[in-house]
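Participant: Using only what follows, build the 3D model:
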Amino acid sequence: MSDLDRAEIEGFWAHWLDLNRQAEADGSWSPLADVYAEDATYGWMYTPDEHFMAVGRDQIREWALGTEMAGLEGWHYDYQATVIDDVNAMVVGFWRQRAGIVDDATGEEYEILGIGGSWFGLARRPDGEGLEFAWQRDWFDLGSTATTFLDIVKAKKATQGLLDRMSLNGIEQPGHYRRKDLPSTVWPPPVADGKFLTQSTSSLAAPTADIVSGCASTGGPQ
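Facilitator: Modelled structure (predicted):
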């Protein structure tokens, strides 16, 4: 059980939202790294065998909030809902990713459709003065992202920064790894270690040899 109370978490989260608005206004997200632990990890998946992972505050500043945000100046990530788990010191935020570029056909901003979000683990700072993020994992719809980027390009509204971003070979960029080479776990480390397990694997998770054999002999379930 966490030693953080809900009021602390809510206050820290409100501060985080304020920092996000400022970062978007400034067009620079790297200052957000100051609220991450020195040894924090931050990652997400592009494809099953291409992942991004930053380990430590410096890599989070330089890569996750730096090179990975290149070409996205003017974009904004508005949190639509937040779930706070004060027992386990976690926050899940669900955001919409919009470009700040208007689609002339609709009169609305280009948007990456689908649900995007961030899952955070919180901890008390070593000096006891406030909270920080111990880890973060994001998710988003890569197919929808590609579609929106291409729609912006077709409309001739892409910035040079976005065009430069789209020209890069992803796996060659800083912090991009094949899954087997990841420096941290896909699931946040304490979750991967089973510290928050709420449901164990069912004994029915895999078919038995008899069931597989029966399907093979009959051409499938009847």
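Participant: Sheet-wise, list the partners of the longest strand along the chain with their directions.
Facilitator: Using DSSP state E, we find that the single longest strand of the chain is strand 108-124. Paired neighbours of strand 108-124 in the sheet (DSSP bridges): strand 90-103 (antiparallel), strand 131-139 (antiparallel).
Participant: Reformat those as CSV; add mean neighbour count and mean pLDDT.
Facilitator: Heads up, the C-betas are built off the backbone N, CA and C, glycines and all. Listed next are the strands paired with strand 108-124 as CSV, based on neighbours: other Cβ atoms under 10 Å; pLDDT from 0 to 100:
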stretch, mean neighbour count, mean pLDDT
strand 90-103, 18, 97
strand 131-139, 20, 98
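Participant: Of the ones you listed, which is nearest Pro48?
Facilitator: Nearest of those to Pro48, taken as Cβ to Cβ: strand 131-139 at 13.2 Å.
Participant: Helix or strand next in line after the closest one, which one?
Facilitator: helix 142-154 (DSSP states H and E).
Participant: Now do that following helix, average pLDDT.
Facilitator: The predicted model assigns helix 142-154 a mean pLDDT of 96.
Participant: which residues does the closest residue to Gly175 other than its chain neighbours contact?
Facilitator: Among residues not flanking Gly175 along the chain, Trp63 sits closest, at 4.1 Å (Cβ to Cβ, 6 or more residues apart in numbering). Contacts for Trp63 were tallied using Cβ atoms under 8 Å, 6 or more residues apart in numbering; they are 52, 54, 174-175.
Participant: Kind regards, and thank you for your time.
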